[in-house]
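A.B. asks: one predicted model, sequence on top.
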Amino acid sequence: MTRNAKRPGGLQKQAGMPEDLTRTQAEIFEHARPRLLSIAYRILGSRAEAEDAVQDTFLRWQETDIATVSSPGAWLTTACTRRAIDMLRAAYRSRVDYVGNWLPEPVHTLVDSEAEAQMELSSSLSTAFLLMLERLTPKERAAYLLYEIFEMSYADIAASLDMSEPACRKLVSRAKARIGDDQVRYQPTRERQEELLTAFEDAIRTGRPGGLVAMLASDVRLTADGGGKVATVADILEGDAVLAFLTERLTGWWAAYEWSFAELNGARGLMLKEGGKVVATVSFAFDSSDRITDIFIVRNPDKLAGVGEVSIH
């Protein structure tokens, strides 16, 4: 895919976005909203904070005389990106005091017919990838995402971040070096993901690991986020401790929940409900042999309140 190619769901390089100023100010913003939300979520790792960043951008947009704006799409992307960077700086400080393990807020994602492009976008929404981005500074994270995921030119990124083009190139290069290879973005076929989820559910419902054992990497890890609001495992479990926790502890706790498969963070995941309320989500990371390398469980009710309400590309 070229850097100017159209992305699914309206994700498109700025210069290609319709800029018909005969539309109303609100219409222009609504056209750009999906793209803005997609950028803000990947920068922040939080759906709620991403929506706040988009809303703040809308308020600024309402106060702007659009007759003075030559490219509304570029203006909105710049405003939203800068707001998300400011919010991320504050979020990093608050995450130092977070109780337990911090995981990105799970989001419902859409399935697009453009398989190749959809897979590339989906992999950048995975919990594993978003956690990898935590290694970066806010500006590194924004520059890397705008270039690698949203395929913006360095000139456009420089304008959005208010810095020189050579400085943007250095940011992206440094981000690539800190993130490492793309293994964390690997995804099995959807059929294989369904097999893994089914084996995971069977192991917990029955208490017998059965077919799940061969589907786990030997150094598999389990990370759970309760945010100090609900009881969950405090440490990151590894290896044999993961299987023991799943079959000896979760079998008793989760067997009575209502289970359903869902599109979460760009892949097939699990939503567990009690009395119609989501009480947990489960997502995975994989290796190139289609084995599970990480199990991510979100139990923090604050992060589950809006699951399914907003879809992100």
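C.D. replies: Structure received. Numbers count the residues shown, from 1 in each chain.
A.B. asks: and whichever strand or helix holds residue 155, which residues are buried?
C.D. replies: Using DSSP states H and E, residue 155 sits within helix 154-161. If you call a residue buried by 16 or more other CB atoms under 10 Å, then helix 154-161 has these buried ones: 154, 156, 157, 158, 159, 160, 161. From N, CA and C alone the C-beta is placed, and that goes for glycine too.
A.B. asks: just put those residues in JSON lines and tack on pLDDT and distance to residue 121.
C.D. replies: Converted to JSON lines, the buried residues of helix 154-161 look like this (pLDDT from 0 to 100; distance: CB to CB, whole Å):
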{"residue": "154", "pLDDT": "96", "distance to residue 121": "21"}
{"residue": "156", "pLDDT": "96", "distance to residue 121": "19"}
{"residue": "157", "pLDDT": "96", "distance to residue 121": "18"}
{"residue": "158", "pLDDT": "96", "distance to residue 121": "23"}
{"residue": "159", "pLDDT": "94", "distance to residue 121": "23"}
{"residue": "160", "pLDDT": "95", "distance to residue 121": "19"}
{"residue": "161", "pLDDT": "95", "distance to residue 121": "22"}
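A.B. asks: what is the nearest of those to residue 83?
C.D. replies: residue 160 (11.3 Å; CB to CB).
A.B. asks: what about the strands in the stretch 201-313 of the chain?
C.D. replies: 216-225, 237-238, 258-264, 267-274, 277-286, 292-298, 311-312 (DSSP state E, counting those that start in this stretch).
A.B. asks: output those as TSV; include the columns distance to residue 191.
C.D. replies: Shown next, in TSV, are the strands of the stretch 201-313 of the chain (distance: least, CB to CB, whole Å):
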stretch	distance to residue 191
strand 216-225	18
strand 237-238	28
strand 258-264	13
strand 267-274	10
strand 277-286	13
strand 292-298	15
strand 311-312	23
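A.B. asks: and those strands: which comes nearest residue 72?
C.D. replies: Closest among the strands of the stretch 201-313 of the chain, using CB to CB: strand 311-312, at 21.5 Å.
A.B. asks: okay, now the sheet partners of that closest one, with direction.
C.D. replies: strand 108-109 (parallel) (DSSP bridges).
A.B. asks: contacts for stretch 91-100?
C.D. replies: 44-46, 49, 102, 138, 224-228, 232, 234 (CB atoms under 8 Å, 6 or more residues apart in numbering).
A.B. asks: domain map for the protein?
C.D. replies: 8-185, 190-306 (automatic domain parsing).
A.B. asks: how about low-confidence regions in this structure?
C.D. replies: 1-22, 111-120, 181-182, 309-310 (pLDDT under 70).
A.B. asks: hey, which helix is longest across it?
C.D. replies: helix 72-95 (DSSP state H).
A.B. asks: hang on, the earlier thing: now the angle from the helix holding residue 155 to helix 72-95?
C.D. replies: Interaxial angle of helix 154-161 relative to helix 72-95 (axes from the mean of the first three to the mean of the last three CA atoms, to 10 degrees): 60 degrees.
A.B. asks: I'd like the next helix or strand past helix 154-161.
C.D. replies: Immediately after helix 154-161, counting by DSSP H and E, sits helix 165-179.
A.B. asks: thinking again about what came up before, run through who's touching the helix holding residue 155.
C.D. replies: For helix 154-161, using CB under 8 Å, 6+ apart, the contacting residues are 13-15, 74, 77-78, 81-82, 85, 139, 142-143, 146-147, 152, 164-165, 167-169, 171-172.
A.B. asks: so that helix versus helix 165-179, what angle?
C.D. replies: Going by the same axes, to 10 degrees, helix 154-161 is angled at 90 degrees with respect to helix 165-179.
A.B. asks: chain center to helix 154-161, what's the gap?
C.D. replies: Put simply, helix 154-161 sits 23 Å off its chain's centre (CA atoms, centre = their mean, to the nearest Å).
A.B. asks: try stretch 40-54
C.D. replies: 10 Å.
A.B. asks: stretch 135-143 too?
C.D. replies: The answer for stretch 135-143 is 15 Å, by CA atoms, centre = their mean.
A.B. asks: ok, what's across the strand from the closest residue to residue 127 other than its chain neighbours?
C.D. replies: The shortest distance from residue 127 to any non-neighbouring residue, by CB to CB, 6 or more residues apart in numbering, is to residue 296 (4.6 Å). Taking DSSP bridges as the rule, residue 296 bridges to residue 223, residue 283.
A.B. asks: tell me which residues of the helix or strand hosting residue 196 come out buried.
C.D. replies: Taking DSSP H and E as the definition, residue 196 sits inside helix 190-206. For helix 190-206, a neighbour-count test (16+ other CB under 10 Å) marks 193, 195, 196, 197, 199, 200, 201, 203, 204 as buried.
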